[in-house]
Structure formats: structure tokens, C-alpha cells
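> attaching a predicted model along with its sequence, questions to come.
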Amino acid sequence: DVILQLARERKAVFFNEAHSAPVTRTLTIELLAKLRAEGFDYFAAETLYRNDKELNRRGYPTPDSGFYIDEPLYGEMVRSALKLGFKVVAYDVENAGAGDARELAGAQNLYHIFKQDAHARLIVDAGFAHIQKTGKYLGGSSMAEFFEKMSGIDPLCVEQTMMIEHARPDQDHPYYTAIVNALHPAQPVVFVDGKRTWTLKPKQYDLSVVFPSAPHNDLRPDWLTLDGLRVPYPVGGDMCRGHFPCLIQARYANEGNDAVAADRAMLNVIEPGADLADRVVSGHGSAQSRLFLRPGKYRLTATDRSNRVMTSRDVTIAADGKAATP
């Protein structure tokens, strides 16, 4: 609600993400429908390749749509924007190199939206400091700083990459550890004092988001529900027909086989006597897991390590996460 209130007076909202941490995509997905209702009508993402000319017409992303797009939550972000009626834009430039050239080119492509449509309202998803408002970035300026200077538009910049759980506790920011230990948040958290919002870097971002930690067990984290947009659906090793490791994927029934999966889970059985090398090669999964899916119709497939299909089935997921049809 805080981000929505701040966004109401803005023409652009920039969210950042940590490319290797899908949790940093969850809040953006959760807010898309509400931001669309507020009048935002363009969605631009760093991941997208400009040569996928059919994306908006096709209505769903494929692995060839972008560099990071095959991660299911990133795919769901772009898919959600398309379904909500956003005009989805690829703004990043693949051959511009690094530093100022890339940042400037990306900003120019975003500014072009407003030159073509003076009433546009824009959501951007970009990595890390591409959205910082001030300060040196790769020896020059960031995309967001270039954009503001050329357009005169002050974007709301939402920082989502620093207050997250890492693989090792000693990598977590001490503020993050203190907040999680004190509040045990189940949802993303932002801090507000009156009209002032808190961020770790006040001159560079408008506010920082604190994300919940994941359970330390074999279950996939509950933040994959996307605040109730998706429900957990149990899957087991029966689909793998004894072939492990086994990848189970769900695709929307009305999308092609080339679509980015709505979700996927790796199942595995590790022999108790396996040596360390085999454990590393085999992974650390188990023979049961959960897919997180919106209610609706899906195609489920289970493939072995050679990408051979072991099982394929159609399911309809009800709002309680049960399969309405086998």
C-alpha cells in the first residue's frame, strides 16, 4: 500500500532486482495488477531482447525472449504484465557494451516511450544499481539518472536487492538480520515515518524493501505464493518413473510448449551411501516437492537428465491447490 500511495503521483516507478535471487521479483509481480489499476500502462524489463517482435502479440514469454527470462518468476512477471494489458517494452541494448554507453542507450529507449505517448505511465524492472538516482555507476551515470536528466521525470526508485537472505548468514546485512529476528516478517516490509520512507541509501533510492527469509527445510518457500496469487500443488516422484534427478514443470494449458514454465521443481533421491561427489552431481532435492501455481489449467511434464519426457499430464488447479482433474 505504501508503494501504491507513492506511485500515484509518479509517471514512472523503477524496481530493481538481484538477478540470482527470485525473491526480489515477488513484490513487483504482486503489485502489477494494482499499478495497472492506478493507470500505469507500460512495462519495461532489462531481461527482454528487442528482437522478440512477437512477444506482445503472442502473449507469453519464451526462453528466447530474454537473458534471464527462463527463471519462472521472471517469466511470470512478464506474462502477468501482458495479461494485464501493459504494453511490454524491451529497453536494454545488447551491443552497447558496459558503462555509460549502455546506461544512456537504455535511458533513451525509456524516454522514447514518453516522446511517443505523453500520457504514458511506466513500470521498469532492472538489475541492481541501474535504477540508482545519483552517484557513480560503472565509472559514469546510471540508467535512472540519465533518464531523469533527459526526461525531467523523477521516477520512484524501489530498492529490493540489499535486504534479502543469502546462502550464508554472514552474508546478510546486519540490519536485515536484526529486522528478521525482531519481526519475523511473512511478507515484504517497508518502513515509513510519517511521510518519510526508509532506505539503506537515501540519496540513491526512495525506499528499501525487506524480504522474508525462507524456511530451512526441504520445502520450497511460501513467498512463492506471491501473496496468495498462487497456491501450492504437491508433486511426487511417481511422475519420474524411477529416473532421478527429475525435473517437473508446469506450463499454462493455453500457451505453447515453447513457453517459459509457470513453475518447476527438481526431484531427486540420493542413495544414503553415495559419496560426496555423487551428492554434488545429483543435487540435494527429495522425491516430493510443491509447485506454486495460479488456479487454472496446466500441462505438467516430468523429464530426466537427458530431457526425455517420463510423464505428461493435464491438470486443473483449484483455489485450494488440489487438482480438480487427474
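Sure thing, it's come through.
> any idea how far residue 50 is from residue 67?
To residue 50, residue 67 is 12 Å away according to C-beta to C-beta, to the nearest Å. All C-beta spots, glycine's among them, are computed from the backbone N, C-alpha and C.
> kindly export stretch 105-117 (C-alpha atoms) in CSV.
The C-alpha trace of stretch 105-117 is given here as CSV (Å, rounded to 0.1, in the frame of the first residue of the first chain):
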residue,chain,number,x,y,z
ALA,A,105,21.0,3.9,-24.6
GLY,A,106,18.6,2.2,-22.1
ALA,A,107,17.5,5.6,-20.8
GLN,A,108,16.9,6.9,-24.3
ASN,A,109,14.7,3.9,-25.1
LEU,A,110,12.7,4.5,-22.0
TYR,A,111,12.4,8.2,-22.7
HIS,A,112,11.2,7.4,-26.2
ILE,A,113,8.1,5.9,-24.7
PHE,A,114,7.1,9.3,-23.3
LYS,A,115,8.0,11.1,-26.5
GLN,A,116,5.6,8.8,-28.3
ASP,A,117,2.9,8.9,-25.6
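> in it, what counts as buried?
Residues of stretch 105-117 classed as buried by neighbour count (16 or more other C-beta atoms under 10 Å): 105, 106, 107, 108, 109, 110, 111, 113, 114.
> what would the residues you listed look like in CSV with secondary structure, pLDDT and distance to residue 76?
Listed next are those as CSV, based on DSSP: H, G, I helix; E, B strand; the rest coil; pLDDT from 0 to 100; distance: C-beta to C-beta, whole Å:
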residue, secondary structure, pLDDT, distance to residue 76
105, helix, 95, 27
106, helix, 97, 23
107, helix, 98, 27
108, helix, 98, 28
109, helix, 98, 24
110, helix, 99, 23
111, helix, 99, 28
113, helix, 99, 23
114, helix, 99, 27
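> and those residues, which is closest to residue 72?
Using C-beta to C-beta, residue 106 is the member of the buried residues of stretch 105-117 that lies nearest residue 72, at 24.9 Å.
> in this structure the closest one contacts residue 91, no?
Yes - proximity of residue 106 to residue 91 meets the contact threshold set by C-beta atoms under 8 Å, at 5.3 Å.
> who touches both of these two?
Common contact partners of residue 106 and residue 91 (C-beta atoms under 8 Å, 6 or more residues apart in numbering): residue 46.
> can you give me the helices in the stretch 201-326 of the chain?
276-282 (DSSP state H, counting those that start in this stretch).
> tell me the bridge partners for residue 44.
residue 89, residue 124 (DSSP bridges).
> again, but for residue 207
Going by DSSP bridges, residue 207 forms beta bridges with residue 158.
> residues contacting residue 45?
Contacts of residue 45 (C-beta under 8 Å, 6+ apart): 66, 74, 77, 78, 88, 89, 90, 91, 124, 125, 126.
> give me that answer again for 7 Å
Residues near residue 45 by C-beta atoms under 7 Å, 6 or more residues apart in numbering: 78, 125.
> roughly how far apart are it and residue 247?
The value you get for residue 45 to residue 247, if C-beta to C-beta is used, is 25 Å.
> what does residue 293 give?
With C-beta to C-beta as the criterion, residue 293 and residue 247 are 16 Å apart.
> neighbour count winner among those two?
residue 293 (22 against 19; other C-beta atoms under 10 Å).
> pretty sure that one sits against residue 252.
No - contact criterion C-beta atoms under 7 Å: residue 293 and residue 252 do not qualify, at 9.0 Å.
> who are the contact partners of residue 67?
So residue 67 contacts residue 47 (C-beta under 7 Å, 6+ apart).
> what pLDDT does it get?
Reading off the confidence values, residue 67 has pLDDT 94.
> ok, now the one 5 residues further on?
We note a pLDDT of 99 for residue 72 in this prediction.
> how many residues are close by it?
Residue 72: 22 neighbours (other C-beta under 10 Å).
> I'd guessed it sits against residue 252; true?
No - using C-beta under 7 Å, residue 72 is not in contact with residue 252; the gap is 11.5 Å.
> so what sits against both of these two?
Contacts common to residue 72 and residue 252, judged by C-beta under 7 Å, 6+ apart, are residue 262.
> need the residues touching each of residue 293 and residue 252.
Shared contacts of residue 293 and residue 252, counting by C-beta under 7 Å, 6+ apart, come down to residue 262.
> for the nearest residue to residue 8 once chain neighbours are set aside, what are its contacts?
Counting by C-beta to C-beta, 6 or more residues apart in numbering, residue 8 lies nearest to residue 38, which is 6.0 Å off, once chain neighbours are set aside. Applying C-beta under 7 Å, 6+ apart to residue 38 gives the contacts 4, 7, 8.
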